[in-house]
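Visitor: Generate coordinates for the sequence data below:
(2 chains)
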2 protein chains.
Amino acid sequence: MVAINKEIVTLDPHLIGVDWGSTCLRVFLIGSYGEVLATRTSAQGSSSMNGSAWAYEQSLEQLAGDWLQEYPDIKVLACGMVGSKHGWLEVPYVACPSDVNAIAARVMSVKGVDQRRFDIVPGMAYRPANGVPDVMRGEETQIAGVLSLRPEASQRSCIILPGTHSKWVQIEQGKVTAFATHMTGELFAILRQHSVLGRLMPSQQNELDPIAFLRGVEDARQGMYLGFAHQLFAVRTLGLMEMMPPSSLADYLSGLLIGHEIQAGLGWRLAAGLEQAPLILVGDPSLCAHYAQALSHCGVLNASILSNTAPVGLWAIERATAGVHATKLAHKVNV
Amino acid sequence: MVAINKEIVTLDPHLIGVDWGSTCLRVFLIGSYGEVLATRTSAQGSSSMNGSAWAYEQSLEQLAGDWLQEYPDIKVLACGMVGSKHGWLEVPYVACPSDVNAIAARVMSVKGVDQRRFDIVPGMAYRPANGVPDVMRGEETQIAGVLSLRPEASQRSCIILPGTHSKWVQIEQGKVTAFATHMTGELFAILRQHSVLGRLMPSQQNELDPIAFLRGVEDARQGMYLGFAHQLFAVRTLGLMEMMPPSSLADYLSGLLIGHEIQAGLGWRLAAGLEQAPLILVGDPSLCAHYAQALSHCGVLNASILSNTAPVGLWAIERATAGVHATKLAHKVNV
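Guide: Numbers count the residues shown, from 1 in each chain, chains lettered A, B, ... in the order given. Next comes the predicted model:
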């Protein structure tokens, strides 16, 4: 994606893409070939809207009002928590297995005060035959973006979207066939902020300690049978016994948590017969680099990294909605 | 223990026992045979003392000043976080394997303003040859109490002390040979209060739903390979999909967490060759009953339950300190 921060928009914009998560709102002015012409971000996440349609429209107006005015006929397509039960409009989950067309077919619209139409992407649900269901909102769009950018991954691949609620996703024949959420990022945040484990850590985050991080990955891997709630306590005892400096404890905790996720996820990938298929990490580049490092420590060396693919995904869903199936991106896309 | 709440003290008190945890202070007036003559509790936990000796003495004075005055020569023995780095006096950990005599030999004293002596029990540390150390403060005293009350468990047994930081303890020949902490109770509290999982739960805790609890235990057991951070997310999806009522989600979470601990703990017990040895749960009777139920669900039917054994433990350590080894309790002790 070409992020033109200076907003010198020379091409005709084709779509306003909106990635509206719980804590963050991002808008993208997107060209006909999926290229990002401009990006803006605000902290007006979905969770601060209190489910008020008025608040949603106002926040979007604040961030992209000039675009909406300048291009009165441009489509607006939003993904993420904006489509949840407490969102702007609840858009029911599309069921696994689903491809980009199935997602596009379930896009729903809400009308704004001046009758302007805002389209909202559905989330996706996975209901395994024996087991507990799983859900995503926003990641289905990022996945659509990955499959647009990397058509070779459409046949068979495993996509990992690390984050607050990391997703491990199985792709077969262009469809999401299964996925699993890991609350790794949220666990890190609450353990650091609210548990006894945070007490020995300095309040300021310092330089990354890659050795402590990899020790956490290794300890998670070696000791999974000892129990997660036991292994966590090592963060405290290593600090108490002065076997690890306080400044390294957060990285060790991060390694433990990511190591657990990767250990479980690799088993899940193996069970799905996807260990030879491409493995793609998608999201914040620095977090993805941590995952790649941990994966490599566990012997998985072929993971590639894509940064945020939500805008390309929104563009791909919009194209599918319009019945125009994009076959390729005409522009070279940098990610 | 005979808890005489009306405090009609007819026997000569022998010891003031103090169980001083992070969030709670408990004092016991204890007779020569380990019987509890009176108990008092306050919320003046160790973590609210800010490491001030003056605050410790004042809080004890407030709760048990009349006892201290009435029995000027009585011994005072305290266990728990009062002996930690930020406690009244840091009493170094005694190393595993240790028995009650080893604990007693490492008791340290602090002098109060009027030269009164307060004795403090050391915590215990376990440093496995390959692995991360573990620590306890307070539980070593409860364990001493268990072995006083149940001499038959001294030879070989497994003791579980459920709580904020549950401990699984191996006993051989009267000694604690190994132990493992599981942060189960703390995880439950912070996940409920601070994570997305608490959002669908009603703020008031309602009647226990034993079916949801056992489903959590079973899901933990069946799906451990899927990863802890993944399984937790089921609390959210079962609520979102209306597959479980909001009022049952906390019990399901509790079952998941306790199920994970038990699954890991039973593997640990098996590896130690203790699966035929007595299994004793110690602590809050209602929490212990939950653990017993979960254990029974996992095929372990022989767990017995003891309520708080800290006062008997303090008495046993005091006797060992005094070089007088109690052989038995003369009174029938109800626990």
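
Visitor: With adjacent residues omitted, what lies nearest to A:C24?
Guide: Of all residues not flanking A:C24 in the chain, A:G45 sits nearest, at 5.2 Å (CB to CB, 6 or more residues apart in numbering or on different chains). Where you see a C-beta, it was placed from the backbone N, CA and C, and this is true even at glycine.

Visitor: tell me the angle of whichever strand or helix holds A:R192 relative to helix B:184-194?
Guide: Using DSSP states H and E, the element containing A:R192 is helix A:184-194. Put simply, helix A:184-194 runs at 100 degrees to helix B:184-194, going by axes from the mean of the first three to the mean of the last three CA atoms, to 10 degrees.

Visitor: my read: A:E139 touches A:I160, true?
Guide: No. With contact defined as CB atoms under 8 Å, A:E139 does not reach A:I160; the gap is 10.4 Å.

Visitor: can you list residues touching both of these two?
Guide: Common contacts of A:E139 and A:I160 (CB atoms under 8 Å, 6 or more residues apart in numbering or on different chains): A:K167, A:V169.

Visitor: higher neighbour count, these two?
Guide: Just comparing A:E139 and A:I160: by other CB atoms under 10 Å in any protein chain shown the higher neighbour count belongs to A:E139, 29 against 25.

Visitor: quick one on the thing from earlier: burial of the residue nearest to A:C24, as a residue count?
Guide: 17.

Visitor: is it true that it touches A:A55?
Guide: No. Counting by CB under 8 Å, A:G45 stays clear of A:A55, with 11.3 Å between them.

Visitor: circling back: so which bits of the helix holding A:R192 are buried?
Guide: A:T184, A:G185, A:E186, A:L187, A:F188, A:I190, A:L191, A:R192, A:H194 (16 or more other CB atoms under 10 Å in any protein chain shown).

Visitor: any low-confidence regions in the stretch 51-200 of chain A?
Guide: Flagging of the stretch 51-200 of chain A using pLDDT under 70 yields an empty set of residue ranges.

Visitor: Alongside chain B, which residues does it contribute?
Guide: Residues of the stretch 51-200 of chain A lying close to chain B by CB under 8 Å from any CB of the partner chain are A:85, A:125, A:131-135, A:165-166, A:180-184, A:186-187, A:190-191, A:193-196.

Visitor: Apply 6 Å and report the result again.
Guide: A:132-135, A:180-184, A:186-187, A:190, A:194-195 (CB under 6 Å from any CB of the partner chain).

Visitor: rewinding a little: and the residue nearest to A:C24, how far is that from A:K175?
Guide: 30 Å (CB to CB, to the nearest Å).

Visitor: cool, and A:D209?
Guide: 41 Å.

Visitor: A:E242 too?
Guide: In terms of CB to CB, A:E242 sits 52 Å off from A:K175.

Visitor: okay, now A:G131: neighbour count?
Guide: A:G131, neighbours per other CB under 10 Å, totals 14.

Visitor: Give me the phi and psi for the nearest residue to it once chain neighbours are set aside.
Guide: Closest residue in space to A:G131, ignoring its immediate chain neighbours: B:G223 at 7.4 Å, by CB to CB, 6+ apart. Per-residue torsions, B:G223: phi -120, psi 20 (degrees, to the nearest 10).

Visitor: Quick check, pLDDT for B:G223.
Guide: We have a pLDDT of 84 for B:G223.

Visitor: Kindly report the same for A:A250.
Guide: 96.

Visitor: picking up where we left off before, could you list every residue that touches the residue nearest to A:C24?
Guide: A:G21, A:S22, A:T23, A:C24 (CB atoms under 6 Å, 6 or more residues apart in numbering or on different chains).

Visitor: Any figure for the gap between the residue nearest to A:G131 and A:A264?
Guide: Taken as CB to CB, the span from B:G223 to A:A264 is 10 Å.

Visitor: got it, and A:D134?
Guide: 14 Å.

Visitor: hey, what's in contact with both of these two?
Guide: Counting by CB under 6 Å, 6+ apart, nothing touches both A:D134 and A:A264.

Visitor: nearest spatial neighbour of the residue of chain A positioned farthest from its centre, skipping sequence neighbours?
Guide: Most distant from the centre of chain A: A:M241, at 37.5 Å, with distances by CA atoms, centre = their mean. In space, and not counting its chain neighbours, A:M241 is closest to B:P133: 5.3 Å by CB to CB, 6+ apart.

Visitor: got a list of what the one you found touches?
Guide: Contacts of B:P133 by CB under 6 Å, 6+ apart are A:T237, A:M241, B:A125, B:R127.

Visitor: Tell me, how many residues neighbour the last one?
Guide: Going back to what we said before, that points to B:R127. Using other CB under 10 Å: B:R127 sits among 15 other residues.

Visitor: again, but for the first one
Guide: The number of residues packed around A:T237, counting by other CB under 10 Å, is 18.

Visitor: Surely A:F28 is in contact with A:V18?
Guide: No. The pair A:F28 / A:V18 is not scored as a contact, 7.7 Å apart, by CB atoms under 6 Å.

Visitor: Between A:E242 and A:K175, which is the more surrounded one?
Guide: A:K175 (18 against 8).

Visitor: where's that one relative to A:V94, distance?
Guide: From A:K175 to A:V94 the distance is 11 Å (CB to CB).

Visitor: A:W67 too?
Guide: 28 Å.

Visitor: can you dump the C-alpha coordinates of the helix or strand harbouring A:S286 into PDB?
Guide: Element membership for A:S286, per DSSP H and E: helix A:285-297. Extracted C-alpha coordinates of helix A:285-297, given in PDB (Å, rounded to 0.1, in the frame of the first residue of the first chain):
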ATOM      1  CA  PRO A 285       5.300  -4.900  11.800                       C
ATOM      2  CA  SER A 286       7.200  -4.800  15.100                       C
ATOM      3  CA  LEU A 287       4.700  -7.200  16.800                       C
ATOM      4  CA  CYS A 288       4.900  -9.500  13.700                       C
ATOM      5  CA  ALA A 289       8.700  -9.400  13.900                       C
ATOM      6  CA  HIS A 290       8.400 -10.700  17.500                       C
ATOM      7  CA  TYR A 291       6.200 -13.500  16.300                       C
ATOM      8  CA  ALA A 292       8.500 -14.300  13.400                       C
ATOM      9  CA  GLN A 293      11.400 -14.500  15.900                       C
ATOM     10  CA  ALA A 294       9.500 -16.800  18.200                       C
ATOM     11  CA  LEU A 295       8.400 -19.000  15.300                       C
ATOM     12  CA  SER A 296      11.900 -19.200  14.000                       C
ATOM     13  CA  HIS A 297      13.000 -20.200  17.500                       C
END
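
Visitor: helices or strands up against it?
Guide: helix A:210-222, helix A:249-271, strand A:303-306 (3 or more CB pairs under 6 Å, 6 or more residues apart in numbering or on different chains; DSSP states H and E).

Visitor: relative to helix A:249-271, how tilted is that helix?
Guide: 60 degrees.

Visitor: So what sits opposite A:S98 in the bridge?
Guide: On the basis of DSSP bridges, A:S98 is bridged to A:V176.

Visitor: For A:G65, what is the enclosing helix or strand?
Guide: Here A:G65 is assigned to helix A:53-70, by DSSP H and E.

Visitor: What helices and strands are in contact with that helix?
Guide: strand A:25-31.

Visitor: Sheet partners, orientation included, of the next helix or strand after the strand it packs on?
Guide: Following strand A:25-31 in sequence order, the next helix or strand is strand A:36-42 (DSSP H and E). Applying DSSP bridges, strand A:36-42 is found paired with strand A:25-31 (antiparallel).

Visitor: for the record, mean pLDDT for the partner strand?
Guide: 97.

Visitor: Just the angle for that strand relative to helix A:53-70, thanks.
Guide: Going by the same axes, to 10 degrees, strand A:25-31 makes 30 degrees with helix A:53-70.

Visitor: Many thanks, we can stop here.
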